[in-house]
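**Q** Quick one: sequence plus predicted model below, questions after.
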Amino acid sequence: LPLPLTALLGAFGIIAANSWMNTPRGFSLDADGSPVDVDVRKAIFTPMFGPEYWHFVAGVVLTAGYVVAGVYATGWLRGRRDHYHRLGFTVPFTVAAVLTPVQFVLGDSIARSVFHQQPLKFAATEMVWKTDTHVPEYVFGRLHPDGTISGGIKIPQLDSILAGFSPDTRVTGLSSIPADDRPTATQATIAHWAFDIMVTIGSLLVLLALWYGWCWLRHRGLPRSPWFFRCAAVAGAACLLTVECGWITTEVSRQPWIVYENMRVSEAVTDTRAPALWAMLALVIVVYALIFATFLAILLKMRTRWRTADERHGDAHAAGTPEGDTPYGPRRTTAAAAPDHGSAHGDGGGR
């Protein structure tokens, strides 16, 4: 319980800061540009806080689910079909599969919130150049400085429909904002590609979740196809990519502002000298490298302990359940291994 609570509180702090940068509230500026009349509650709970927070939390939980399930999917493809691997895959994948369509709806909601609260950011993400109705949607493509778009797939009127449920919805274009106050064409293209990659992967994960749900409802078991487990094995890495794409979208599309319409990135650059910045970066890298090395060493030690126990106890140990003695790492296949609990459910595909 303390660890999930800590994670939720950490997400609260991160998203409170980021949502304030996107839709700053709870203060005013005096003649010198200093903040006065600060209202902490309004500064924290900005219009974008709710949509961003739940989108972030759902994304982190389903990413963790797919990453953990991917480990056991890999073991399943390698022939490890015992109860331990079945349970290790089913529990996290079920959580992730349930959250995937929920996350898709939350993502649509936050995009519409951006349309209403940050029209410039929406225009950059969707590469909308001129303010108009019946605006088309471009899947990928490239925005040029003159406002033309090359490449990509053009879907007529879809952007207006997605923004306001009607082709008559008026969408603000980048050209309506002075050039110094809006993202460049290159920045808009980067944000657009990051957004499209995120949506594409999210759509594929919805299909994967539906595949899983259909097989479970129909057979009360896991899908038979090895292609399902191949997709599940890479789903975790795909989710990590979507998380990065989400942050790229929200940060690049807000340029040149670090605090939307209040403070430019150029005004927030630290006056700390370069050697100090490099030293801090190196320290962070070293700390995280040590954490990762420790984590990896523990995993390898756990794996060695498991296999050593198998060799020491032989068939007598192998006949037991993986949860009985040393539940760490993959078990070796032996003649006396426990029966395949999954085959009774029709999920033995890919043998």
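**A** It's in. Numbering: from 1, shown residues only.

**Q** Can you say which helix or strand has the residue nearest the centre of the chain in it?
**A** With distances taken as C-alpha atoms, centre = their mean, the residue of the chain nearest its centroid is residue 243 (2.9 Å). Assessed by DSSP states H and E, residue 243 sits inside helix 226-252.

**Q** Does that helix pack against any helices or strands, and if so which?
**A** helix 49-77, helix 83-117, helix 119-126, helix 185-219 (3 or more C-beta pairs under 8 Å, 6 or more residues apart in numbering; DSSP states H and E). All C-beta atoms are positioned from the backbone trio N, CA, C, and that covers glycine.

**Q** which of these sits most buried?
**A** Comparing the helices and strands packed on helix 226-252 by mean neighbour count (mean count of other C-beta atoms under 10 Å), helix 119-126 comes out on top with a mean of 25.

**Q** what does it contact?
**A** 22, 111, 114-115, 128-129, 135, 137-138, 159, 163, 171-174, 177, 181-183, 187-188, 191-192, 195, 249-250, 252-255, 260 (C-beta atoms under 8 Å, 6 or more residues apart in numbering).

**Q** Give the buried residues for whichever helix or strand comes after it.
**A** Per DSSP H and E, the first helix or strand lying C-terminal to helix 119-126 is strand 137-139. Residues of strand 137-139 classed as buried by neighbour count (16 or more other C-beta atoms under 10 Å): 137, 138.

**Q** begin at 591 from here
**A** All right, first residue 591 from here; so that's strand 727-729.

**Q** Which strands or helices does strand 727-729 pack on?
**A** Under the contact criterion of 3+ C-beta pairs under 8 Å, 6+ apart, strand 727-729 touches strand 743-745, helix 748-754.

**Q** Dump those to CSV, plus mean pLDDT and mean neighbour count.
**A** Listed next are these as CSV, based on pLDDT from 0 to 100; neighbours: other C-beta atoms under 10 Å:
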stretch, mean pLDDT, mean neighbour count
strand 743-745, 94, 12
helix 748-754, 92, 20
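
**Q** could I get these as JSON lines with distance to residue 801?
**A** Below are these laid out as JSON lines (distance: least, C-beta to C-beta, whole Å):
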{"stretch": "strand 743-745", "distance to residue 801": "25"}
{"stretch": "helix 748-754", "distance to residue 801": "26"}
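
**Q** nearest to residue 650, of the ones you listed?
**A** helix 748-754 (25.0 Å; C-beta to C-beta).

**Q** Low-confidence stretches in the protein?
**A** Residue ranges of the chain with pLDDT under 70: 591, 893, 896-941.

**Q** how's it carved up into domains?
**A** As assigned by automatic domain parsing, the chain contains the domains 592-709+780-859, 873-941.
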